[in-house]
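Trainee: No sequence on hand, only this structure:
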Ligand SMILES: [Zn+2]
């Protein structure tokens with residue numbers, strides 16, 4: 001029985017704003033970083049994932065271009081995109 005765990009992480013494409021779940025590429029033996037628009041997708045932190053899913057693809061792309069910062073806020077979704 002294998003003890004290798006598949007850890008899914010969220011990736012985004014900074015060119016089109018797509019979000020995709022894929023196995024973490026830092027785990028030994030994992031598949032390579034998913035690609036979109038001909039480029040490797042950007043790995044999102046948990047906080048960035050919460051913030052990014054609240055944005056439209058157009059807004060997400062602008063936010064990623066600006067650095068993808070997040071800030072902790074109150075309410076149901078604690079992490080908000082800031083730029
Ligand atoms: Zn793309």
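Mentor: In hand now; what should we look at? For clarity, every value in this text was computed on a predicted model and none was experimentally measured.

Trainee: Would you mind confirming that residue 30 is in contact with residue 24?
Mentor: Yes. Counting by Cβ atoms under 8 Å, residue 30 touches residue 24, with 6.1 Å between them. Bear in mind the C-beta positions are built from the backbone N, C-alpha and C, glycine included.

Trainee: residues contacting residue 32?
Mentor: 25, 40 (Cβ atoms under 8 Å, 6 or more residues apart in numbering).

Trainee: ok, now how distant is it from residue 71?
Mentor: Noted for residue 32: a distance of 32 Å to residue 71, by Cβ to Cβ, to the nearest Å.

Trainee: Ok, residue 58 next?
Mentor: 21 Å.

Trainee: Please list the residues of the chain that sit near the ion.
Mentor: Within the chain, the positions near the ion by Cβ under 5 Å from the ion are 13, 15-16, 18, 36-37.

Trainee: By neighbour count, which of those residues wins?
Mentor: residue 13 (22 neighbours; other Cβ atoms under 10 Å).
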